[in-house]
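Asks: Provide a 3D model corresponding to the input given below.
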Amino acid sequence: MIKKKMISFDMDGTLSHSRCKTDSELAHLLDILCSQYIVVIITGWDYESVLRQIVEEIPNKDNLWNLFLYPNTGTKKYSFKNSNYILEYKNDFSQDNIDTINAVFKEAITELKLVPEIMYGELTENRWAQITFAGQWQTAPIEVKEVWDPDQRKRKNIREHILPQLPWFNVNIAGTTSIDITRSWVDKWSAMLKIADEFWLKKDEILFVWDSIFPWGNDYPVQEVGIESIWVDWPEDTKKIIADLIK
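Replies: All right, here's what the predicted structure looks like:
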């Protein structure tokens, strides 16, 4: 088997629970992993969330030069240089895109009678290159999120409802309660191919660790590329994988 040179991770459900900081054990394991491999975090979340949930919890900053951040489904890249992360590139939505997507989601949850009784925030979150809907809103407590749609049935119904109205966009189920909207050519499949090219790596030199490798999941396109993927249910599973990699 060809030795892996890059280990790539999703964030929520893989490195941390939704909107939660990773724990100290996993942060320590990531630190060691960065000393041995190129490490990539590619997520639908924004840059600030990746910093808060993951990077700030890593105890030793000496190996961050080998940790690359690709928020907003890989439409942005941040590299660690001169003691800080700097933006290498970005590709954002237009305001017309944002307004259209927000209107479609609002109509869908009204028609499907999925408007929650308690609102924890806005209907959608604008991540500039991605619009993310969350069934119980983005700031809902994790215990509320985990019981809202554990079998993804509600989100599948919403997805089917809005697909005809968004023909030029990808509509993918993500995280615990989310649906991610990106341009039709933006997904983790295209992002990871671009990342492989950036680092001059072959597909068999990359390992992916995700929690949404199922049809219509936002991580599923990566598996279709033919790159080796490992499906995890919780960050505890990720710890075991990293521990095996750094032996």
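
Asks: For stretch 175-185, which outside residues touch it?
Replies: 12-13, 18, 44, 73, 75, 93, 101, 105, 129-136, 140, 142, 145-146, 148-149, 155, 158-159, 166, 168-174, 212, 218 (CB atoms under 8 Å, 6 or more residues apart in numbering). Glycine gets a C-beta too; all of them are placed from N, C-alpha and C.

Asks: what's the span of it from first residue to last?
Replies: With CA to CA, to the nearest Å as the measure, stretch 175-185 spans 21 Å from end to end.

Asks: filter the contacts of stretch 175-185 to the buried ones?
Replies: Neighbour-count burial (16 or more other CB atoms under 10 Å) is assigned, among the contacts of stretch 175-185, to 12-13, 18, 44, 73, 75, 93, 101, 105, 129-136, 140, 145, 148-149, 155, 158-159, 166, 169-174, 212, 218.

Asks: And the lowest mean pLDDT element among the helices and strands of the protein?
Replies: Lowest on mean pLDDT, DSSP states H and E among the helices and strands of the chain sits helix 220-225, with a mean of 58.

Asks: Tell me the first helix or strand C-terminal of that helix.
Replies: Sequence order places strand 228-231 as the next helix or strand after helix 220-225, per DSSP states H and E.

Asks: all strands for the protein, in order.
Replies: 6-9, 38-42, 67-70, 77-81, 84-89, 124-126, 131-134, 169-174, 178-183, 206-210, 228-231 (DSSP state E).

Asks: among those, which is nearest residue 109?
Replies: When the strands of the chain are compared by CB to CB, strand 131-134 sits nearest residue 109, at 8.2 Å.

Asks: which stretches of the chain have low pLDDT?
Replies: The model of the chain has pLDDT under 70 over residues 1-2, 138, 212-225.

Asks: quick one, domains of it?
Replies: Domain segmentation of the chain under automatic domain parsing yields 6-91+186-245, 95-183.

Asks: which ones are touching the residue nearest the centre of the chain?
Replies: Note on the chain: the residue nearest the mean C-alpha position is residue 43, at 2.3 Å, using CA atoms, centre = their mean. When the contact criterion is CB under 8 Å, 6+ apart, the partners of residue 43 are 10, 11, 12, 49, 50, 70, 71, 73.

Asks: Might you report the residue contacts of residue 201?
Replies: Residue 201 neighbours (CB under 8 Å, 6+ apart): 5, 6.
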